[in-house]
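*Asks:* For reference, the sequence and a predicted model appear below.
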Amino acid sequence: MNEPAHNESGVYLAIECGRKEWKLALGDGKAERQVTISAGDVKGLARHLGRAKERFGLPADARVYSCYEAGRDGFWIHRMLTGLGVTNVVVDPASIEVQRRGKRVKTDRLDARKLLTMLRRYWVYGERKTWRVLHVPDEDQEDARRPSRERERLTKERTGHRARIRSLLALHGRHDGKLPGCADEVRDWKGAALPAAVAAEIDRELERLRMVEVQIRRIDGEWKAADESPSMAKAKKLARVKGVGAQTGWMLAHEFLWRTFRNRREVGAASGLVGCPYDSGESRVEQGISKAGNARVRATMTELAWRWLMFQPQSELARWYQRRFGAGSGRMRRIGIVALARKLLVALWKYVEFDEVPVEAIVKA
(Lines give C-alpha, C1' and ligand atoms only; values in the text may rest on other atoms or scores of the structure.)
Protein backbone atom coordinates (compact mmCIF):
# COMPACT_ATOMS: atom_id res chain seq x y z
CA MET A 1 0.00 0.00 0.00
CA ASN A 2 1.40 3.40 -0.98
CA GLU A 3 1.96 5.68 1.99
CA PRO A 4 1.61 9.46 1.68
CA ALA A 5 4.45 11.82 2.45
CA HIS A 6 4.24 13.93 5.58
CA ASN A 7 3.21 17.03 3.62
CA GLU A 8 0.90 15.34 1.11
CA SER A 9 -2.56 16.87 1.02
CA GLY A 10 -5.71 14.77 0.95
CA VAL A 11 -9.08 14.17 2.52
CA TYR A 12 -9.24 12.02 5.64
CA LEU A 13 -12.53 10.27 6.32
CA ALA A 14 -13.63 8.43 9.46
CA ILE A 15 -16.94 6.54 9.42
CA GLU A 16 -18.84 5.74 12.61
CA CYS A 17 -21.21 3.03 11.42
CA GLY A 18 -24.65 2.56 12.92
CA ARG A 19 -27.64 0.49 11.93
CA LYS A 20 -29.65 3.46 10.68
CA GLU A 21 -27.13 6.26 10.23
CA TRP A 22 -23.46 6.79 9.50
CA LYS A 23 -21.56 9.68 11.03
CA LEU A 24 -18.88 10.97 8.65
CA ALA A 25 -15.94 13.00 9.98
CA LEU A 26 -13.96 14.64 7.18
CA GLY A 27 -10.82 16.74 7.44
CA ASP A 28 -7.62 17.79 5.70
CA GLY A 29 -5.51 18.47 8.79
CA LYS A 30 -6.58 22.12 9.05
CA ALA A 31 -10.36 22.11 8.85
CA GLU A 32 -12.89 19.50 9.90
CA ARG A 33 -16.58 18.90 9.35
CA GLN A 34 -19.08 16.18 10.22
CA VAL A 35 -22.16 15.05 8.32
CA THR A 36 -24.73 12.30 8.83
CA ILE A 37 -26.03 10.03 6.08
CA SER A 38 -28.31 7.02 6.00
CA ALA A 39 -26.58 3.69 6.58
CA GLY A 40 -25.41 2.21 3.28
CA ASP A 41 -26.00 5.42 1.26
CA VAL A 42 -23.14 4.99 -1.21
CA LYS A 43 -24.22 7.86 -3.47
CA GLY A 44 -24.53 10.19 -0.48
CA LEU A 45 -21.05 9.21 0.68
CA ALA A 46 -19.53 9.91 -2.74
CA ARG A 47 -21.38 13.23 -2.91
CA HIS A 48 -20.04 14.39 0.46
CA LEU A 49 -16.50 13.36 -0.51
CA GLY A 50 -16.74 15.60 -3.57
CA ARG A 51 -18.10 18.49 -1.48
CA ALA A 52 -15.31 18.03 1.06
CA LYS A 53 -12.65 18.40 -1.63
CA GLU A 54 -14.26 21.62 -2.81
CA ARG A 55 -14.62 22.94 0.73
CA PHE A 56 -10.98 22.19 1.57
CA GLY A 57 -9.74 23.67 -1.72
CA LEU A 58 -8.41 20.37 -3.04
CA PRO A 59 -8.47 19.13 -6.65
CA ALA A 60 -11.07 16.59 -7.71
CA ASP A 61 -8.41 13.88 -7.97
CA ALA A 62 -7.07 14.44 -4.43
CA ARG A 63 -6.47 11.23 -2.53
CA VAL A 64 -8.89 10.09 0.14
CA TYR A 65 -7.90 8.02 3.19
CA SER A 66 -10.58 6.45 5.33
CA CYS A 67 -11.17 4.11 8.22
CA TYR A 68 -14.01 2.44 10.09
CA GLU A 69 -14.33 -0.04 12.94
CA ALA A 70 -14.92 -3.70 12.14
CA GLY A 71 -18.35 -4.84 13.22
CA ARG A 72 -21.71 -6.11 12.07
CA ASP A 73 -21.35 -4.79 8.53
CA GLY A 74 -18.22 -6.82 7.88
CA PHE A 75 -16.04 -5.92 4.92
CA TRP A 76 -18.50 -4.79 2.25
CA ILE A 77 -17.89 -1.15 3.26
CA HIS A 78 -14.16 -1.65 2.65
CA ARG A 79 -14.85 -3.02 -0.82
CA MET A 80 -17.27 -0.18 -1.55
CA LEU A 81 -14.71 2.46 -0.51
CA THR A 82 -11.98 0.76 -2.50
CA GLY A 83 -14.28 0.83 -5.52
CA LEU A 84 -14.62 4.60 -5.07
CA GLY A 85 -10.83 4.95 -5.19
CA VAL A 86 -10.47 5.47 -1.43
CA THR A 87 -7.52 4.05 0.50
CA ASN A 88 -9.25 2.40 3.44
CA VAL A 89 -8.24 0.52 6.59
CA VAL A 90 -10.52 -1.60 8.79
CA VAL A 91 -9.69 -1.13 12.46
CA ASP A 92 -10.02 -3.56 15.35
CA PRO A 93 -12.36 -1.74 17.79
CA ALA A 94 -10.62 -3.24 20.83
CA SER A 95 -7.32 -1.59 19.83
CA ILE A 96 -8.63 1.99 19.91
CA GLU A 97 -7.25 3.90 22.86
CA VAL A 98 -9.68 5.40 25.40
CA GLN A 99 -9.36 7.59 28.46
CA ARG A 100 -9.00 5.70 31.73
CA ARG A 101 -11.21 7.93 33.83
CA GLY A 102 -14.03 6.53 35.90
CA LYS A 103 -16.54 8.06 33.51
CA ARG A 104 -16.05 9.28 29.97
CA VAL A 105 -18.35 10.90 27.46
CA LYS A 106 -19.17 8.69 24.49
CA THR A 107 -21.16 9.85 21.46
CA ASP A 108 -21.02 9.03 17.77
CA ARG A 109 -19.75 12.55 17.08
CA LEU A 110 -16.84 12.18 19.51
CA ASP A 111 -16.08 8.65 18.30
CA ALA A 112 -15.91 9.86 14.69
CA ARG A 113 -13.61 12.72 15.68
CA LYS A 114 -11.37 10.30 17.59
CA LEU A 115 -11.16 7.99 14.59
CA LEU A 116 -10.28 10.93 12.34
CA THR A 117 -7.48 12.03 14.66
CA MET A 118 -6.03 8.52 14.83
CA LEU A 119 -6.34 8.12 11.07
CA ARG A 120 -4.10 11.14 10.52
CA ARG A 121 -1.64 9.84 13.08
CA TYR A 122 -1.58 6.51 11.26
CA TRP A 123 -1.11 7.86 7.73
CA VAL A 124 0.60 11.25 8.06
CA TYR A 125 2.90 10.62 11.00
CA GLY A 126 3.45 6.92 10.41
CA GLU A 127 2.33 5.76 13.88
CA ARG A 128 1.68 2.17 12.89
CA LYS A 129 0.98 1.10 16.48
CA THR A 130 -1.82 3.62 16.87
CA TRP A 131 -4.27 0.76 16.41
CA ARG A 132 -4.50 -2.69 14.84
CA VAL A 133 -5.52 -2.95 11.22
CA LEU A 134 -7.38 -6.05 10.13
CA HIS A 135 -6.43 -8.16 7.12
CA VAL A 136 -9.39 -8.09 4.77
CA PRO A 137 -10.11 -11.36 2.91
CA ASP A 138 -11.30 -11.29 -0.66
CA GLU A 139 -14.91 -12.21 -1.38
CA ASP A 140 -14.12 -15.86 -2.18
CA GLN A 141 -12.08 -16.30 1.01
CA GLU A 142 -14.81 -14.69 3.10
CA ASP A 143 -17.51 -16.81 1.49
CA ALA A 144 -15.50 -20.01 2.04
CA ARG A 145 -15.68 -19.47 5.82
CA ARG A 146 -19.47 -19.63 5.94
CA PRO A 147 -19.92 -23.45 5.82
CA SER A 148 -17.66 -24.12 8.82
CA ARG A 149 -19.33 -21.38 10.86
CA GLU A 150 -22.78 -22.62 9.93
CA ARG A 151 -21.82 -26.19 10.81
CA GLU A 152 -20.50 -25.03 14.18
CA ARG A 153 -23.82 -23.32 14.89
CA LEU A 154 -25.82 -26.35 13.75
CA THR A 155 -23.71 -28.65 15.91
CA LYS A 156 -24.58 -26.55 18.96
CA GLU A 157 -28.25 -26.69 18.01
CA ARG A 158 -28.06 -30.48 17.66
CA THR A 159 -26.49 -30.78 21.11
CA GLY A 160 -29.21 -28.54 22.54
CA HIS A 161 -32.04 -30.60 21.03
CA ARG A 162 -30.55 -33.86 22.29
CA ALA A 163 -30.04 -32.46 25.79
CA ARG A 164 -33.61 -31.14 25.86
CA ILE A 165 -35.08 -34.51 24.86
CA ARG A 166 -33.04 -36.34 27.49
CA SER A 167 -34.14 -33.79 30.12
CA LEU A 168 -37.80 -34.36 29.24
CA LEU A 169 -37.31 -38.11 29.51
CA ALA A 170 -35.54 -37.73 32.87
CA LEU A 171 -38.59 -35.90 34.23
CA HIS A 172 -40.49 -39.18 33.89
CA GLY A 173 -37.86 -41.62 35.13
CA ARG A 174 -36.01 -42.42 31.90
CA HIS A 175 -32.25 -42.07 32.42
CA ASP A 176 -30.86 -44.48 29.83
CA GLY A 177 -29.80 -41.58 27.54
CA LYS A 178 -31.19 -43.21 24.38
CA LEU A 179 -33.14 -41.01 22.01
CA PRO A 180 -36.43 -42.52 20.83
CA GLY A 181 -37.69 -42.49 17.26
CA CYS A 182 -40.96 -40.96 18.48
CA ALA A 183 -42.61 -40.23 21.82
CA ASP A 184 -45.05 -43.16 21.44
CA GLU A 185 -42.16 -45.58 21.95
CA VAL A 186 -41.37 -44.20 25.42
CA ARG A 187 -42.79 -45.42 28.71
CA ASP A 188 -42.33 -43.66 32.02
CA TRP A 189 -40.98 -45.14 35.25
CA LYS A 190 -44.19 -47.10 35.93
CA GLY A 191 -44.59 -48.38 32.37
CA ALA A 192 -47.31 -45.93 31.31
CA ALA A 193 -47.33 -43.72 28.23
CA LEU A 194 -45.97 -40.19 28.57
CA PRO A 195 -48.41 -37.32 29.17
CA ALA A 196 -49.79 -35.80 25.98
CA ALA A 197 -48.08 -32.40 26.28
CA VAL A 198 -44.65 -33.93 27.01
CA ALA A 199 -45.03 -36.44 24.16
CA ALA A 200 -45.93 -33.63 21.74
CA GLU A 201 -42.93 -31.56 22.85
CA ILE A 202 -40.57 -34.52 22.42
CA ASP A 203 -41.94 -35.15 18.92
CA ARG A 204 -41.35 -31.51 17.96
CA GLU A 205 -37.81 -31.62 19.36
CA LEU A 206 -37.15 -34.83 17.39
CA GLU A 207 -38.44 -33.17 14.24
CA ARG A 208 -36.12 -30.20 14.69
CA LEU A 209 -33.24 -32.55 15.52
CA ARG A 210 -33.73 -34.49 12.28
CA MET A 211 -33.82 -31.28 10.27
CA VAL A 212 -30.55 -30.09 11.83
CA GLU A 213 -28.89 -33.45 11.16
CA VAL A 214 -29.98 -33.31 7.52
CA GLN A 215 -28.46 -29.86 7.15
CA ILE A 216 -25.20 -30.99 8.76
CA ARG A 217 -24.95 -33.92 6.36
CA ARG A 218 -25.68 -31.58 3.45
CA ILE A 219 -22.84 -29.25 4.47
CA ASP A 220 -20.46 -32.21 4.86
CA GLY A 221 -21.40 -33.35 1.35
CA GLU A 222 -20.77 -29.89 -0.06
CA TRP A 223 -17.33 -29.88 1.57
CA LYS A 224 -16.37 -33.13 -0.13
CA ALA A 225 -17.62 -31.86 -3.50
CA ALA A 226 -16.05 -28.38 -3.16
CA ASP A 227 -13.85 -27.14 -5.96
CA GLU A 228 -10.11 -27.15 -5.43
CA SER A 229 -8.78 -23.85 -4.07
CA PRO A 230 -5.63 -22.80 -2.19
CA SER A 231 -7.48 -22.99 1.14
CA MET A 232 -9.03 -26.34 0.21
CA ALA A 233 -5.59 -27.71 -0.66
CA LYS A 234 -4.32 -26.57 2.75
CA ALA A 235 -7.29 -28.22 4.46
CA LYS A 236 -6.59 -31.55 2.76
CA LYS A 237 -2.91 -31.27 3.58
CA LEU A 238 -3.68 -30.68 7.26
CA ALA A 239 -6.04 -33.65 7.32
CA ARG A 240 -3.11 -35.93 6.45
CA VAL A 241 -1.54 -35.25 9.85
CA LYS A 242 -2.65 -37.90 12.32
CA GLY A 243 -4.99 -36.41 14.89
CA VAL A 244 -6.15 -33.55 12.66
CA GLY A 245 -9.61 -34.32 11.31
CA ALA A 246 -11.19 -33.08 8.11
CA GLN A 247 -13.38 -30.54 9.92
CA THR A 248 -10.47 -29.19 11.94
CA GLY A 249 -8.31 -28.88 8.83
CA TRP A 250 -11.13 -27.11 6.97
CA MET A 251 -11.67 -24.63 9.80
CA LEU A 252 -7.99 -23.79 10.25
CA ALA A 253 -7.41 -23.39 6.52
CA HIS A 254 -10.40 -21.11 5.90
CA GLU A 255 -10.44 -19.19 9.19
CA PHE A 256 -6.73 -18.63 9.76
CA LEU A 257 -4.20 -20.04 7.33
CA TRP A 258 -5.61 -18.13 4.33
CA ARG A 259 -3.50 -15.23 5.58
CA THR A 260 0.17 -14.72 4.76
CA PHE A 261 2.35 -14.65 7.86
CA ARG A 262 5.96 -13.52 7.83
CA ASN A 263 7.11 -15.35 10.95
CA ARG A 264 5.94 -17.38 13.93
CA ARG A 265 5.43 -14.27 16.06
CA GLU A 266 2.73 -13.08 13.69
CA VAL A 267 1.08 -16.51 13.83
CA GLY A 268 0.94 -16.42 17.62
CA ALA A 269 -0.23 -12.81 17.79
CA ALA A 270 -2.98 -13.29 15.21
CA SER A 271 -4.35 -16.26 17.14
CA GLY A 272 -4.20 -14.54 20.52
CA LEU A 273 -2.19 -17.44 21.98
CA VAL A 274 0.65 -15.26 23.29
CA GLY A 275 1.45 -14.17 26.80
CA CYS A 276 0.40 -10.82 28.20
CA PRO A 277 2.78 -9.85 31.04
CA TYR A 278 2.30 -6.93 33.41
CA ASP A 279 5.74 -5.64 34.39
CA SER A 280 5.77 -2.23 36.07
CA GLY A 281 8.12 -1.25 38.86
CA GLU A 282 8.19 -4.02 41.43
CA SER A 283 5.00 -5.62 40.11
CA ARG A 284 5.44 -8.54 37.75
CA VAL A 285 2.31 -10.52 36.92
CA GLU A 286 1.51 -12.85 34.02
CA GLN A 287 -2.02 -11.98 32.89
CA GLY A 288 -2.51 -15.02 30.66
CA ILE A 289 -2.88 -15.07 26.91
CA SER A 290 -3.90 -11.93 25.05
CA LYS A 291 -7.03 -13.44 23.39
CA ALA A 292 -6.71 -10.75 20.71
CA GLY A 293 -7.20 -13.06 17.73
CA ASN A 294 -9.80 -15.45 16.36
CA ALA A 295 -11.68 -17.13 19.20
CA ARG A 296 -12.64 -20.09 16.99
CA VAL A 297 -8.98 -20.77 16.24
CA ARG A 298 -8.04 -20.68 19.92
CA ALA A 299 -10.81 -23.08 20.90
CA THR A 300 -9.97 -25.44 18.03
CA MET A 301 -6.24 -25.42 18.75
CA THR A 302 -6.81 -26.12 22.45
CA GLU A 303 -8.93 -29.16 21.58
CA LEU A 304 -6.40 -30.22 18.96
CA ALA A 305 -3.55 -29.95 21.49
CA TRP A 306 -5.27 -32.49 23.76
CA ARG A 307 -5.83 -34.78 20.77
CA TRP A 308 -2.20 -34.34 19.76
CA LEU A 309 -1.08 -35.85 23.06
CA MET A 310 -3.35 -38.82 22.35
CA PHE A 311 -2.55 -39.47 18.68
CA GLN A 312 1.04 -38.17 18.47
CA PRO A 313 2.59 -39.17 21.84
CA GLN A 314 6.05 -39.79 20.30
CA SER A 315 6.30 -36.42 18.57
CA GLU A 316 8.75 -33.81 19.82
CA LEU A 317 5.92 -31.46 20.80
CA ALA A 318 4.18 -34.12 22.90
CA ARG A 319 7.44 -35.06 24.64
CA TRP A 320 8.14 -31.38 25.34
CA TYR A 321 4.75 -31.07 27.00
CA GLN A 322 5.27 -34.19 29.11
CA ARG A 323 8.69 -33.01 30.26
CA ARG A 324 7.48 -29.52 31.13
CA PHE A 325 3.94 -30.06 32.42
CA GLY A 326 3.22 -33.79 32.54
CA ALA A 327 4.15 -34.22 36.20
CA GLY A 328 2.42 -31.05 37.34
CA SER A 329 -1.02 -30.46 38.82
CA GLY A 330 -4.19 -30.35 36.76
CA ARG A 331 -4.02 -26.56 36.65
CA MET A 332 -0.43 -26.63 35.35
CA ARG A 333 -1.37 -29.15 32.66
CA ARG A 334 -4.23 -26.90 31.53
CA ILE A 335 -1.85 -23.95 31.37
CA GLY A 336 0.66 -26.05 29.48
CA ILE A 337 -1.90 -27.18 26.92
CA VAL A 338 -2.31 -23.55 25.81
CA ALA A 339 1.45 -23.29 25.31
CA LEU A 340 1.34 -26.53 23.34
CA ALA A 341 -1.54 -25.17 21.25
CA ARG A 342 0.55 -22.18 20.21
CA LYS A 343 3.59 -24.31 19.36
CA LEU A 344 1.37 -26.72 17.43
CA LEU A 345 -0.26 -23.91 15.45
CA VAL A 346 3.16 -22.59 14.43
CA ALA A 347 4.24 -26.13 13.48
CA LEU A 348 1.13 -26.65 11.34
CA TRP A 349 1.67 -23.28 9.65
CA LYS A 350 5.24 -24.31 8.76
CA TYR A 351 3.94 -27.65 7.49
CA VAL A 352 1.32 -26.03 5.26
CA GLU A 353 3.50 -23.22 3.92
CA PHE A 354 6.99 -24.76 3.83
CA ASP A 355 6.37 -28.55 3.95
CA GLU A 356 8.16 -28.80 7.31
CA VAL A 357 6.61 -31.82 8.98
CA PRO A 358 6.43 -31.46 12.80
CA VAL A 359 9.38 -33.33 14.31
CA GLU A 360 8.64 -37.06 14.62
CA ALA A 361 4.97 -36.55 13.87
CA ILE A 362 3.01 -39.17 11.91
CA VAL A 363 1.68 -38.02 8.55
CA LYS A 364 -0.65 -40.28 6.58
CA ALA A 365 0.29 -41.11 3.02
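*Replies:* Perfect, thanks for sending it. Residues are numbered from 1 along each chain as shown.
*Asks:* When you work out contacts or count neighbours from here on, use the C-alpha atoms and nothing else.
*Replies:* Fine.
*Asks:* got the phi/psi numbers for the residue nearest the centre of the chain?
*Replies:* Per Cα atoms, centre = their mean, the C-alpha nearest to the average position across the chain is that of residue 294, at 3.8 Å. Taking degrees, to the nearest 10, you get phi -80, psi 120 for the backbone angles of residue 294.
*Asks:* what's the spacing between it and residue 27?
*Replies:* Taken as Cα to Cα, to the nearest Å, the spacing of residue 294 relative to residue 27 amounts to 33 Å.
*Asks:* before we move on, what about residue 359?
*Replies:* If you go by Cα to Cα, the gap between residue 359 and residue 27 works out to 54 Å.
*Asks:* out of these two, which sits in the busier spot?
*Replies:* For residue 359 versus residue 27, neighbours defined as other Cα atoms under 10 Å are more numerous around residue 27 (23 against 11).
*Asks:* For that one, which non-adjacent residue is spatially closest?
*Replies:* With Cα to Cα, 6 or more residues apart in numbering as the criterion, residue 27 has its nearest non-adjacent residue at 5.3 Å, and that residue is residue 12.
*Asks:* what's the pLDDT at the residue nearest to the centre of the chain?
*Replies:* We note a pLDDT of 86 for residue 294 in this prediction.
*Asks:* Find the nearest non-adjacent residue to it, please.
*Replies:* Excluding the flanking residues, the one nearest residue 294 by Cα to Cα, 6+ apart is residue 271, at 5.6 Å.
*Asks:* Is that neighbour in contact with residue 296, as I believe?
*Replies:* No. Judged on Cα atoms under 8 Å, residue 271 makes no contact with residue 296 at a distance of 9.1 Å.
*Asks:* So between those two, which is more surrounded?
*Replies:* Neighbours per residue (other Cα under 10 Å) separate residue 271 from residue 296, with residue 271 holding more: 22 against 15.
*Asks:* how far away is the more buried one from residue 197?
*Replies:* Counting by Cα to Cα, the gap from residue 271 to residue 197 is 48 Å.
*Asks:* How about residue 236?
*Replies:* Plainly put, residue 236 is 48 Å away from residue 197 if you go by Cα to Cα.
*Asks:* Kindly report the same for residue 34.
*Replies:* Look at residue 34 and residue 197: by Cα to Cα, they are 59 Å apart.
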